[in-house]
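**Student:** Just to be clear, the model below is a prediction. Sequence and coordinates:
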Amino acid sequence: MDHSSQRPTTPNTPARRQLDHALTALAATTPGRRRYIAEAATEYLDQIDGRRLPLGYDRPFPPALAAANRADAFRMRRGCTVAAMLGLAVQPSDPHFPTTLRAIVTAVDAPVDRLVETAHTTGAPATVALLHLLGGVR
């Protein structure tokens, strides 16, 4: 039997469903809310990735306490805000939540990254900026 006509499917895992829901909800928000969500997600990820100390602590959580670090960042670094704004039902220590937030930050920053790349490629950043302001470059 030839299976070449069957499309590959993405595994339907809880992590994938969470990511799909978050990106769908993000697309339905206003640009201002997207930026706010990305800022809150970045604050959460800064603690998870060790760029920011947990609130009230003078050192980061050790790797053995990764779940506690995720729960602390969820409560103290606006992870709960992101979850609520995107309609995600997640536990504070959810191991998939950081990956979902990285995808959110990437999705919000993608248009800016494309503009920067276009400015570097053309060698005319002022022209690219002007066209963007006039609505000609996205």
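**Tutor:** Okay, I see it.
**Student:** Please go through the protein and pick out the longest helix.
**Tutor:** Determined from DSSP state H, the single longest helix within the chain is helix 97-122.
**Student:** which helices and strands does that helix pack with?
**Tutor:** Contacts defined by 3 or more C-beta pairs under 8 Å, 6 or more residues apart in numbering; DSSP states H and E place helix 97-122 against helix 14-27, helix 31-48, helix 66-76, helix 79-86, helix 125-134. For every residue, glycine as well, the C-beta is placed using N, CA and C.
**Student:** could those go into TSV alongside mean neighbour count, mean pLDDT and distance to Arg59?
**Tutor:** Shown next, in TSV, are these (neighbours: other C-beta atoms under 10 Å; pLDDT from 0 to 100; distance: least, C-beta to C-beta, whole Å):
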stretch	mean neighbour count	mean pLDDT	distance to Arg59
helix 14-27	15	90	29
helix 31-48	18	95	12
helix 66-76	18	97	11
helix 79-86	21	97	20
helix 125-134	13	69	41
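**Student:** Mind putting those helices into JSON lines with distance to Pro54?
**Tutor:** Shown next, in JSON lines, are the helices and strands packed on helix 97-122 (distance: least, C-beta to C-beta, whole Å):
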{"stretch": "helix 14-27", "distance to Pro54": "24"}
{"stretch": "helix 31-48", "distance to Pro54": "6"}
{"stretch": "helix 66-76", "distance to Pro54": "5"}
{"stretch": "helix 79-86", "distance to Pro54": "12"}
{"stretch": "helix 125-134", "distance to Pro54": "38"}
